[in-house]
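J.: Quick one: sequence plus predicted model below, questions after.
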Amino acid sequence: MIGQISGTLVYKHPPQLLVDVGGVAYELEAPMTAFYELPEAGEKVSLFTHLAIRDDAHLLFGFSDLRQRDVFRVLLKISGVGPRVALALLSGLTAEELTACVAAGDIAQLTRVPGIGRKTAERLVIELRDRLEAVTGSGSDASGVSLTPQQDAVSALMALGYRENEANRAVRAVEVDGTPAVETLIREALKTLSREAS
């Protein structure tokens, strides 16, 4: 999996861009919200990426930050939402705006995105609510209150596909001294979940 590329931006023509990495140029597609943050052609750029492998092509998608890529990946898990629809959503809305729309059930705002009809918007609201909260929390809840390391770890595990009760149980089972690091909690909780699955 190609997770990130850094190099020289050769050209950008929405939704496509070309990045030269040590003499090898990578073709990518990116949402408009990522294009807004790109430098001019000829300058250095670094993008987080998602590689989609199909029978007829390997497609590389570029994103300005991890949150944007995580939301893209969550969108791909929704029935009927492929890369094109996911790119359209992230072109019309930032990751934060999309999360807010889903949380508020704002069907009207979602249907303003080209290619998103009412039925698709309704399905997105139903299926995305918990999933998006898990990947866009970024250390705070909706009121801006900082989350504990345990809450951050639970959110991360849910983003990996574990159910909330599984994630909570595994995090609570971790025994550490003092205030644990989120990475430690996630690593140890994953060990517990792996043992339970075997």
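T.: Now that the structure is in, tell me what you want to look at.

J.: which element follows the helix or strand bottoming out on mean pLDDT in the chain toward the C-terminus?
T.: Using mean pLDDT, DSSP states H and E, helix 149-159 stands out as the lowest-scoring helix or strand of the chain, at a mean of 77. Later in the chain than helix 149-159, the nearest helix or strand by DSSP states H and E is helix 164-172.

J.: average model confidence for that following helix?
T.: Regarding helix 164-172, the rounded mean pLDDT is 84.

J.: Determine the next helix or strand in the C-terminal direction from that helix.
T.: Assigned by DSSP H and E, the successor of helix 164-172 is helix 182-197.

J.: quick revisit: distance from the least confident helix or strand of the chain to the middle of the chain?
T.: The chain centroid and the centroid of helix 149-159 are separated by 15 Å, computed with CA atoms, centre = their mean, to the nearest Å.

J.: got it, and stretch 38-53?
T.: Distance, centroid of stretch 38-53 to centroid of chain: 16 Å (CA atoms, centre = their mean).

J.: Now the closest residue in space to Pro83 that isn't next to it in sequence. Its backbone dihedrals?
T.: Distances taken as CB to CB, 6 or more residues apart in numbering put Ala52 closest to Pro83, at 5.8 Å, once the chain neighbours are dropped. For every residue, glycine as well, the C-beta is placed using N, CA and C. For Ala52, the backbone dihedrals (degrees, to the nearest 10) come out as phi -110, psi 120.

J.: and what of Ala86?
T.: Here is the backbone geometry of Ala86 (degrees, to the nearest 10): phi -60, psi -40.

J.: Spatially, what comes nearest to it if we skip its sequence neighbours?
T.: Once chain neighbours are set aside, the closest to Ala86 by CB to CB, 6+ apart is Leu75, at 4.0 Å.
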